[in-house]
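K.L.:
Predicted model follows, preceded by the sequence.
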Amino acid sequence: MYQANTIKDRNVKLSSRHRFTKPEQDEILCISTGQPSLPHRLSSRIFQPKFRRALVVFVDQCFYSITGFLTSILIAHTCSKSEYGLYVLGFTLLVIAMDIQVSLSGIPFTVLGPKLKHRERQLYLGSTLIQHLAVSILTAAGFAIAALVLAVTNQMHGFSNILLTLAVASVFVLLRDFIRCVLLSQFRVWSSLLMGLISNIATIGLMFWIYLSDKLTVPIGYLIMAACSGLTALTILLKEKRQIDFTIQMLREHIKINWTFGKWLAARSLVDFTALRLYPWALMLFKNSEDVAAYGVCVILAGIINPLLLGLNRFLIPQAAYTACNKASGVHHEIYHWMTLIVIPLLIFLLLTVLFGEQAIVAIYGNKFAGIGYIFSIYLLSHIIAAQCILICAGTNALKRPDISFRAEIAGLIATITLGLFFTYKWGTLGAVIGVCVSRFVAFVYQFIKFKSLEICCNKAILEVA
């Protein structure tokens, strides 16, 4: 104490003869109080294990997003604009299947698994895997039945072949996604990275080779994706088979637990499909497949920032779950921190798209997609709003309130029905992206208000205990 006071007194005397710069004042304050300097604090945070894990997950997600981006470009160049529109429709169905699978299997295991001991976790993982396979089989059957109906009725020419391909591809793509959820829930980020690296390099390599052979079609693209995803996922599954076990009695109990937790998330995915992924189908109904293709280009290009958003989401779900186990009030601080951290680079990227978006679209997809640069900028704004919703959703899931994100999607669905569909009917692709913006903003406002009310409840509980 005496030494600290002496340093302070000496600094006061020195300050009368010398005007210190702001960095010098901060350094003197750190010395006098015994606190580490700002650069030291930043470096210590960056090299914490959780930040290293976040970086690995981000790189992992980059491979998936880049593969999807390059696949869309290759298919857009080899197909007509209307065929690319059908590819976009098929991809929306695959995404909703992935969302439902993650909601019923992946996220419940991620949130509830950390509390279990080794043997209990083995049984829980085995039960969840069986549940996942059942959902995958039902999904494949749904695609096959839809393909048969379209083929018999002769509707949406060419789309039945895509649906039939998805019946096969979805099984392996969903398995890869489930294995990835399990690895990340256990913070085995390097194993997840290796699986994604092999799967995505193989996918894009085969895709490009067939593209050069001038034989690439939408069904072939989905089959390549399925083969590469299934090979890596089955390899990991066989390698980890000793970590998996199940009993009939525990199977029923675990499925019930997963359903109790995941039903809100699955319902949210269905509502999200109706509220947001309904727009390409509305464009197909009100306009034509070329408008769907233009909308799809906006979605794919906005997916450039998906490595950041999805990677952060994959990292935050297990991280927030572990934080909630130790200190529920810490979840809010963590979510607010990441919300603030990502919004600035996203706004900078939005400004760049306003300035150069049109040139980028023509350079990547060709002149047949010219004139939609401003539409892409509007859609990207909705993507930034969605980024904040994703982070809040990770927090509410960790606090075991998945119903909040479901109700937020209901609010977004109401906005879609009352405004979005009218905008789509009136202005086509432009109206669709405006409708997406409105729907996501309404959902965000609801989520944020409810998440803030959970923070107040946590603080009150802490005060009562104190």
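P.N.:
Structure received. Here the structure is a predicted model, which means the values were calculated and not measured.
K.L.:
Low-confidence stretches in the stretch 201-350 of the chain?
P.N.:
Counting by pLDDT under 70, the stretch 201-350 of the chain has low-confidence residues at 328.
K.L.:
Tell me which stretches of it form helices.
P.N.:
Using DSSP state H, counting those that start in this stretch, the helices of the stretch 201-350 of the chain run over residues 218-239, 248-275, 278-286, 289-302, 306-326, 330-365.
K.L.:
okay, those helices in TSV with mean neighbour count and distance to residue 146 next?
P.N.:
In this view, the C-beta of every residue, glycine as well, is placed from N, C-alpha and C. Shown next, in TSV, are the helices of the stretch 201-350 of the chain (neighbours: other C-beta atoms under 10 Å; distance: least, C-beta to C-beta, whole Å):
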stretch	mean neighbour count	distance to residue 146
helix 218-239	19	15
helix 248-275	18	15
helix 278-286	20	13
helix 289-302	24	17
helix 306-326	21	27
helix 330-365	15	28
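K.L.:
can the ones you listed go into a markdown table with extra columns for distance to residue 103?
P.N.:
Below are the helices of the stretch 201-350 of the chain laid out as a markdown table (distance: least, C-beta to C-beta, whole Å):
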| stretch | distance to residue 103 |
| --- | --- |
| helix 218-239 | 19 |
| helix 248-275 | 3 |
| helix 278-286 | 18 |
| helix 289-302 | 21 |
| helix 306-326 | 12 |
| helix 330-365 | 20 |
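K.L.:
Next up, the contacts around residue 382.
P.N.:
Counting by C-beta atoms under 8 Å, 6 or more residues apart in numbering, residue 382 touches 433, 436-437, 439-441.
K.L.:
do the same with residue 185
P.N.:
By C-beta under 8 Å, 6+ apart, the residues touching residue 185 are 106, 109-110, 113-114, 317-318.
K.L.:
run the last query once more with 7 Å
P.N.:
By C-beta atoms under 7 Å, 6 or more residues apart in numbering, the residues touching residue 185 are 109-110, 113, 318.
K.L.:
By neighbour count, which of the residues you listed wins?
P.N.:
residue 109 (31 neighbours; other C-beta atoms under 10 Å).
K.L.:
rewinding a little: for residue 424, which of the helices of the stretch 201-350 of the chain is the nearest?
P.N.:
Nearest of the helices of the stretch 201-350 of the chain to residue 424, taken as C-beta to C-beta: helix 278-286 at 4.7 Å.
K.L.:
Which other helices and strands does that closest one contact?
P.N.:
Helices and strands touching helix 278-286, as assessed by 3 or more C-beta pairs under 7 Å, 6 or more residues apart in numbering; DSSP states H and E, comprise helix 81-101, helix 289-302, helix 421-427, helix 429-465.
K.L.:
element containing residue 165?
P.N.:
Using DSSP states H and E, residue 165 sits within helix 159-185.
K.L.:
now that helix, how far from the chain's geometric center?
P.N.:
A distance of 16 Å separates the centroid of the chain from that of helix 159-185, by C-alpha atoms, centre = their mean, to the nearest Å.
K.L.:
Could you check the angle it makes with helix 306-326?
P.N.:
Angle, helix 159-185 to helix 306-326, by axes from the mean of the first three to the mean of the last three C-alpha atoms, to 10 degrees: 40 degrees.
K.L.:
What angle do helix 81-101 and helix 159-185 make with each other?
P.N.:
Using the same axes, to 10 degrees: helix 159-185 against helix 81-101 is 40 degrees.
K.L.:
Any buried residues in helix 159-185, and which?
P.N.:
Of all the residues in helix 159-185, those buried under the rule 16 or more other C-beta atoms under 10 Å are 159-185.
K.L.:
Just want the angle from that helix to helix 218-239.
P.N.:
On the basis of the same axes, to 10 degrees, helix 159-185 is oriented at 30 degrees to helix 218-239.
K.L.:
Apart from its chain neighbours, what residue comes closest to the residue most central in space within the chain?
P.N.:
Central residue of the chain (C-alpha atoms, centre = their mean): residue 310, 3.3 Å from the mean position. Excluding its sequence neighbours, the residue lying closest to residue 310 (C-beta to C-beta, 6 or more residues apart in numbering) is residue 61, at 5.0 Å.
K.L.:
just checking, what packs against the helix or strand hosting the one you found?
P.N.:
Per DSSP H and E, residue 61 falls inside helix 49-78. Here helix 49-78 touches helix 81-101, helix 189-212, helix 218-239, helix 306-326, going by 3+ C-beta pairs under 7 Å, 6+ apart.
K.L.:
how does the protein divide into domains?
P.N.:
For the chain, the structural domains run 52-266, 276-466, going by automatic domain parsing.
K.L.:
Centre of the chain to the longest one, how far?
P.N.:
When you say that, I think you mean domain 52-266. Counting by C-alpha atoms, centre = their mean, domain 52-266 is centred 13 Å from the centre of its parent chain.
K.L.:
What's the end-to-end length of it?
P.N.:
31 Å (C-alpha to C-alpha, to the nearest Å).
K.L.:
Next one: the closest residue to residue 438 other than its chain neighbours, what pLDDT does it get?
P.N.:
Closest residue to residue 438 apart from its sequence neighbours, by C-beta to C-beta, 6+ apart: residue 415 at 5.1 Å. Predicted confidence (pLDDT) for residue 415: 92.
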